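Peer 1: What would the 3D arrangement of this be:
(one chain, ligands or ions: 1)
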Amino acid sequence: MKDKKVFLKNFGCQMNARDSEVVKGLLLAEGYKLVDDAKAADIILFNTCSVRQHAEDRVWSGIGNIKDQGPKKPIIGIIGCMAQNYKKEIFKRAPAVDIVCGPSNIDNLALYLEEAIRSKEQILGADEKTRRDDIYHTGFYEDKVHAYVVISEGCDNFCSYCVVPYVRGRLRHRDHAKILKEIKGAVSQGVADITLLGQNVSSYADGSVDFTRLLKMASEIPGLKSLSFLTSHPKNTKQELFKIMAQTPVIKKQLHLPIQSGSDKVLKAMNRGYTVKKYIEMVDQYRGIVYNGKLSTDIIVGFPKETEKDFEKTFSLVREVKFDAAYIFKYSSRPNTKAAGYEDDVLPEIKQRRHAELLKLQKEISRSKTY
Ligand code: SF4
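Peer 2: Reported below is the predicted structural model:
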């Protein structure tokens with residue numbers, strides 16, 4: 001495989017960004033070369049996202065744009081969440097694709113590539129499994145200052161709109177000693193700004209080591225300049241976390257706490273597991289303990305059966321809480337999710353109007369915030 005050129009295009013969230021970095025590290029260790037131009041590549045990989053239809057459409061058109069260069073046709077690999085969501089359906093829809101590899105199988109990607117190149121067969125790797133932990137220790141970092149460090153894979157929350165548990169599998173936590181070893185490895189290379197990453201970091205547990213203890217242990221690593229974490233969940237985020245943030249200078253004073261909706265009726269239909277009242281109490285606690293702590297959130301507008309009244313509740317919650325940043329999305333029905341069975345009854349123009357109104361409000365709030 002020596003010198004085969006690989007082009008990898010990443011789509012989606014921070015978890016995918018870290019997965020793409022891991023894949024690059026693994027392939028470099030196997031002797032592959034990384035190139036920035038797909039036209040110059042022997043192998044083209046798309047690390048895909050399934051969180052919204054739009055993200056998937058970009059991949060299908062990306063595959064379509066790969067010109068068939070006859071005998072020199074590049075090996076095409078679809079990895080990530082779309083690979084797990086559609087598995088061999090991808091080969092039917094895009095026969096030019098050679099490899100389909102789900103997120104839990106990226107530790108076998110080099111084997112799949114070897115097999116695809118040798119056999120010219122289409123290879124599917126989409127088992128539900130835990131990755132080998134050594135994939136996180138290649139020492140390859142794209143960014144020479146900041147790195148994401150995965151602490152948990154998958155999720156057990158089954159929010160009714162979310163595809164993650166179906167594409168990244170059930171929640172499993174990495175061994176805390178291996179996480180700390182990975183951070184030490186990064187810091188020794190000068191990558192001293194670390195973000196701990198999980199779909200729901202609040203639920204991290206490795207024996208008696210919960211998230212707050214892991215954060216404390218990581219914060220004590222010599223040479224670490226900055227430590228942050230993503231994503232917390234309102235249903236199991238604890239006051240202890242806020243206290244450790246306030247007491248520990250190296251921990252960034254920022255919290256990403258997705259609310260998703262300001263209506264309890266919608267939160268129930270989303271299976272989020274908390275109420276607006278509980279969320280606001282948590283925000284007050286956070287702001288009471290973490291001085292000048294930044295707060296950001298995620299919001300979905302246009303969830304099935306969301307009425308104008310429900311939306312007004314979301315709008316007034318945003319006006320009341322005054323987030324530093326809010327990532328606002330229009331609801332997009334996802335295959336396999338519980339909500340895929342609900343009628344997507346909020347009209348696109350209504351979703352668009354609500355999205356625009358909330359974005360405008362958040363822009364005004366972000367502008368008015370000066371620390
Ligand atoms: S917490 Fe909910 S929204 Fe977040 S990854 Fe898990 S199922 Fe998806």
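
Peer 1: Could you use CA atoms for every contact and neighbour count after this?
Peer 2: OK.

Peer 1: Up against the ligand, what does the stretch 51-200 of the chain have?
Peer 2: Taking C-alpha under 6 Å from any ligand atom as the criterion, the neighbours of the ligand within the stretch 51-200 of the chain are 155, 157, 158, 159, 162, 164, 165, 199, 200.

Peer 1: what comes up buried for the longest strand along the chain?
Peer 2: Among the segments of the chain that qualify as a strand by DSSP state E, the longest is strand 294-301. For strand 294-301, the neighbour count (16 or more other C-alpha atoms under 10 Å) marks 294, 295, 296, 297, 299, 300, 301 as buried.

Peer 1: Equivalent analysis for stretch 185-195, please.
Peer 2: Buried residues in stretch 185-195 (16+ other C-alpha under 10 Å): 185, 186, 187, 191, 192, 193, 194, 195.

Peer 1: Just the CA atoms of the helix or strand of the chain with the lowest mean pLDDT, as CSV, please.
Peer 2: Using mean pLDDT, DSSP states H and E, the weakest-scoring helix or strand in the chain turns out to be helix 53-64, at a mean of 91. Output in CSV follows, covering the C-alpha atoms of helix 53-64 (Å, rounded to 0.1, in the frame of the first residue of the first chain):
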residue,chain,number,x,y,z
GLN,A,53,-31.0,15.0,5.1
HIS,A,54,-28.9,17.9,3.7
ALA,A,55,-25.6,16.3,5.1
GLU,A,56,-26.4,13.1,3.3
ASP,A,57,-27.3,14.8,0.0
ARG,A,58,-23.9,16.4,-0.1
VAL,A,59,-22.3,13.0,0.1
TRP,A,60,-24.4,11.5,-2.7
SER,A,61,-23.5,14.4,-5.0
GLY,A,62,-19.9,14.1,-3.9
ILE,A,63,-19.8,10.4,-5.0
GLY,A,64,-21.5,11.4,-8.3
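
Peer 1: Contacts for that helix, please.
Peer 2: Residues from elsewhere that reach helix 53-64, judged by C-alpha atoms under 8 Å, 6 or more residues apart in numbering: 11, 12, 46, 48, 49, 50, 82, 94, 332, 333, 334.

Peer 1: Are any of the residues you listed buried, and if so which?
Peer 2: Buried among those (16+ other C-alpha under 10 Å): 11, 12, 46, 48, 49, 50, 82, 332, 333, 334.

Peer 1: Do I have it right that the fifth one meets residue 12?
Peer 2: Yes - with contacts defined as C-alpha atoms under 8 Å, residue 49 counts as touching residue 12 at a distance of 5.1 Å.

Peer 1: and which of the buried residues of stretch 185-195 is nearest the ligand?
Peer 2: Among the buried residues of stretch 185-195, residue 195 lies closest to the ligand (C-alpha to the nearest ligand atom), at 17.0 Å.

Peer 1: correct me, but that closest one touches residue 148?
Peer 2: Yes - the pair residue 195 and residue 148 passes the contact test of C-alpha under 8 Å, sitting 4.8 Å apart.

Peer 1: which residues do those two both contact?
Peer 2: By C-alpha under 8 Å, 6+ apart, no residue touches both residue 195 and residue 148.

Peer 1: In three-state terms, label whichever residue of the stretch 251-371 of the chain sits closest to the ligand for me.
Peer 2: Closest to the ligand within the stretch 251-371 of the chain is residue 272: 6.9 Å, counting by C-alpha to the nearest ligand atom. Three-state assignment for residue 272 (DSSP: H, G, I helix; E, B strand; the rest coil): coil.

Peer 1: Any idea how many residues pack against it?
Peer 2: 22 (other C-alpha atoms under 10 Å).

Peer 1: how about the nearest residue to it, chain neighbours excluded?
Peer 2: residue 159 (5.8 Å; C-alpha to C-alpha, 6 or more residues apart in numbering).

Peer 1: Measure how buried the one you found is and give me the count.
Peer 2: With other C-alpha under 10 Å as criterion, residue 159 counts 20.

Peer 1: and it, what does it touch?
Peer 2: 270, 271, 272.

Peer 1: re the thing from before, mind giving me CSV with the buried ones among the contacts of helix 53-64 and columns for pLDDT?
Peer 2: Putting the buried ones among the contacts of helix 53-64 into CSV (pLDDT from 0 to 100) gives the following:
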residue, pLDDT
11, 96
12, 93
46, 97
48, 97
49, 95
50, 93
82, 96
332, 90
333, 93
334, 92
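
Peer 1: Which members of these occur in helices, if any?
Peer 2: residue 82 (DSSP state H).

Peer 1: Next one: residue 179 from residue 195, what distance?
Peer 2: Separation of residue 179 from residue 195 (C-alpha to C-alpha, to the nearest Å): 12 Å.

Peer 1: list the residues that contact both of these two?
Peer 2: residue 149.

Peer 1: Buried residues in the longest helix along the chain, which are they?
Peer 2: If you go by DSSP H, the chain has its longest helix at helix 348-368. Neighbour counts using 16+ other C-alpha under 10 Å place 351, 354, 355, 358, 359, 362, 365 of helix 348-368 among the buried residues.

Peer 1: The fifth one and residue 265: what is the separation?
Peer 2: Shown here: residue 359 relative to residue 265, a distance of 22 Å by C-alpha to C-alpha.

Peer 1: Spell out which helix or strand contains residue 76, please.
Peer 2: strand 75-80 (DSSP states H and E).

Peer 1: low-scoring stretches of the stretch 251-371 of the chain, by residue?
Peer 2: 370-371 (pLDDT under 70).

Peer 1: Please repeat the previous calculation with a cut-off of 90.
Peer 2: Scanning the stretch 251-371 of the chain for pLDDT under 90 picks out 335-336, 369-371.

Peer 1: didn't residue 231 look like it was pressed against residue 197?
Peer 2: Yes - at 6.9 Å, residue 231 and residue 197 qualify as touching, with contact defined as C-alpha under 8 Å.
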